[in-house]
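J.: Quick one, structure for this:
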Amino acid sequence: MSARTNGTNLPLLISQAELSLWFYSELLVTVIGVILNFVTFVMILRTSSLRAGSGILIMHQAFSYGAICLVDFLLNPFFVYLQFHNRLVIPSSVCLYSEAVADIFLQVPYWAMAILALNRLIAVSFPYHYPRFTTKPAVYSCIGFCWFMALVSVIPISLGWTGHFHMSASGRCSHIPNAIGVPYESFLTVAQRIVSGGSYILIGLKIIGLHIQRRRNKNVAPEKNNSRRKACQEGTMKRRMDIVKMLFASYLWFQACSLPLVVIVTYYPRIYRVPSANLWLRFLSICQFSLDPIIFYILNKEFRQGYHRLFRTWVVTVREHSGIVHPASFGRRLTVSIRHNSNFLLRSKANGRFGGRREMLRRVLASRTSAST
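T.: Next up, the predicted model:
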C-alpha cells in the first residue's frame, strides 16, 4: 500500500493489486479500441455503399477514436505504472508536451460527433437538399473543421493562458485552470454537447412530426405513377433513419461514459483527487471510444454485413498465403472445372478420344482433391 498527499492533507491510497488490475484493464480496452476502430475504418473504406452519405464522416470518426485509444495506450498507463510501481517521479514539464498531443486527439472525436449529428439533422429535415452536403468538398471541409477546431482549442491551453499542468500523485497529467481556464474549458465542453444533443433533439421532433403526418395520410390512396418513386424515397429515408438510430445510440454511450467524469471534476473535485477514483473514471471515459464499433455492429445491418465480408476476405487471404485453399472458393473452382471438362469430354467423345464421361469426371475430381491437400 502506498500513501501520498496531494497538498491538501487528503490521503491518497491505492493498493498494488488494484493498480495492476487497472493497468491491465486499461491496456486491454485501448488495444481492443485500436483494433475495432481500425477494422471499422478499413471496412467502410472497402465498401462503396457505406462511403455514401455520411459514410466518410463515420470513417473519420472511427479513425479519430482509434487515434485517441492509441495515444492513451502510449501515455497514460505507463505514466501511472512508473509513478507507483517504480517510484519514479515524472516531472510536470512532460505534461506540457504529452497533454498537447493528447488534447488534440481528444478534441477531434468530440467535434466529429457534433458534425455527424448535424449531418443527420440535415439528412432527416432537408432530404432534398442533403445531397449538396455529401459532395467530397463538403465532407472534407467538415473533417478539416474538426481538426482546425481541435488545434485552435489546444493553443491557449498549451501556451499557459488558461492554467498550468501538474503531474498528480496518481501519475496523471492534470490541468489546473486559472480564472480564464474554467469558463474556457466549460465553453468547449458545452458547445460540443449542445451541437450534438440539440441536433438529436431536433431529429426526434422531426421524426414525431413525420409519424403524425403518416398517420393522417394513411387512408389516402397513393397515385400509381408515383408509387415507385415513393417506395424509393421511403427506402432512402429508412436507411438514413437506421444511421440516425446507430449514431444516437453511440451518442448515448458517449454521454454515459463521459458524464460521470465531468460531474465529479466540476462538483466533487476532492473525489477526483483520490487516485483510485481518478484512475477508474479515466478508464470509463476511454471505453466510450473503444467499444463504439460494437454498437455499429449490433444496430446496423449494412455495417454488420460489411464486417462479415471483410472478415471473410481476410480469412481467404490468410489461407491462400498459407497454402490452404478456402472450401468455398475450392468448391466454386471445382464446379467451373467440371463444367469446362464435361463440355470438352462430350466433344472429345464424339471424336473417340476418351472412354466416357464418368471416367473423365473421376479424373478431374481426383486431380483437384490431390491439389487441395
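J.: So what's the residue count around Ile44?
T.: Ile44 has 25 neighbouring residues, counting by other CB atoms under 10 Å. Placement of C-beta: from N, CA and C, glycine included.
J.: secondary structure element for it?
T.: Using DSSP states H and E, Ile44 maps to helix 16-46.
J.: Likewise for His175?
T.: Element membership for His175 (DSSP H and E) is strand 173-177.
J.: and what of Tyr128?
T.: Going by DSSP H and E, Tyr128 is not in any helix or strand.
J.: Run a quick neighbour tally on it.
T.: 7.
J.: try the one 5 residues further on
T.: Counted with other CB under 10 Å, residues neighbouring Phe133 total 17.
J.: what's the pLDDT at it?
T.: Listed pLDDT for Phe133 reads 86.
J.: wait, it sits on Asn119?
T.: Yes. Using CB atoms under 8 Å as the test, Phe133 is close enough to Asn119 to be in contact (6.7 Å).
J.: before we move on, the earlier item: any idea how far the helix holding Ile44 is from the middle of the chain?
T.: 12 Å (CA atoms, centre = their mean, to the nearest Å).
J.: Check stretch 35-52 too.
T.: Computed by CA atoms, centre = their mean, the chain-centroid distance of stretch 35-52 equals 10 Å.
J.: Mind telling me what element His166 is part of?
T.: Here His166 is assigned to strand 163-167, by DSSP H and E.
J.: What is that strand packed up against?
T.: helix 93-125, strand 173-177 (3 or more CB pairs under 8 Å, 6 or more residues apart in numbering; DSSP states H and E).
J.: buried sites along the longest one?
T.: Looking back up the chat, that one is helix 93-125. For helix 93-125, the neighbour count (16 or more other CB atoms under 10 Å) marks 95-96, 98-99, 102-125 as buried.
J.: Now do the helix or strand just after it: which elements does it pack against?
T.: Using DSSP H and E, the next helix or strand after helix 93-125 towards the C-terminus is helix 136-158. On a contact count with 3+ CB pairs under 8 Å, 6+ apart, helix 136-158 meets helix 55-84, helix 93-125, helix 181-216.
J.: which one of those helices lies closest to Thr317?
T.: Thr317 sits nearest to helix 55-84 of all the helices and strands packed on helix 136-158, at 21.3 Å, using CB to CB.
J.: Could you dump the helices and strands packed on strand 163-167 into TSV and include mean pLDDT and distance to Val71?
T.: Below are the helices and strands packed on strand 163-167 laid out as TSV (pLDDT from 0 to 100; distance: least, CB to CB, whole Å):
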stretch	mean pLDDT	distance to Val71
helix 93-125	86	5
strand 173-177	73	12
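J.: how about JSON lines for these, with distance to Leu151 added?
T.: Output for those, formatted as JSON lines (distance: least, CB to CB, whole Å):
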{"stretch": "helix 93-125", "distance to Leu151": "6"}
{"stretch": "strand 173-177", "distance to Leu151": "17"}
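J.: buried residues in the helix or strand just after the helix holding Ile44?
T.: Next along the chain after helix 16-46, taking DSSP H and E as the criterion, comes helix 48-51. Across helix 48-51, burial judged by 16+ other CB under 10 Å covers Leu50, Arg51.
J.: For the residue most central in space within the chain, list the residues it contacts.
T.: Among the residues of the chain, Ala62 comes closest to the average C-alpha position under CA atoms, centre = their mean, at 3.5 Å. Residues in contact with Ala62 (CB atoms under 8 Å, 6 or more residues apart in numbering) are Asn37, Phe38, Thr40, Phe41, Ile44, Asp292, Pro293.
J.: measure the closest residue to it other than its chain neighbours to Lys301 for me?
T.: Sequence neighbours aside, Thr40 is the residue nearest to Ala62 in space, at 4.1 Å (criterion: CB to CB, 6 or more residues apart in numbering). The gap separating Thr40 from Lys301 is 15 Å, by CB to CB, to the nearest Å.
J.: Tell me which of those two has more neighbours.
T.: Between Thr40 and Lys301, Thr40 has the larger neighbour count (other CB under 10 Å), namely 26 against 9.
J.: can I assume Trp276 is in contact with Leu21?
T.: Trp isn't right for residue 276; it's Ser. No. Using CB under 8 Å, Ser276 is not in contact with Leu21; the gap is 10.7 Å.
J.: which neighbours do the two share?
T.: Shared contacts of Ser276 and Leu21 (CB under 8 Å, 6+ apart): none.
J.: who has more neighbours, these two?
T.: Using other CB under 10 Å as the criterion, Ser276 and Leu21 rank with Ser276 on top: 16 against 13.
J.: Next secondary structure after the helix or strand where that one lies?
T.: Per DSSP H and E: Ser276 is located in helix 275-290. With elements assigned by DSSP H and E, the helix or strand that comes after helix 275-290 is helix 292-299.
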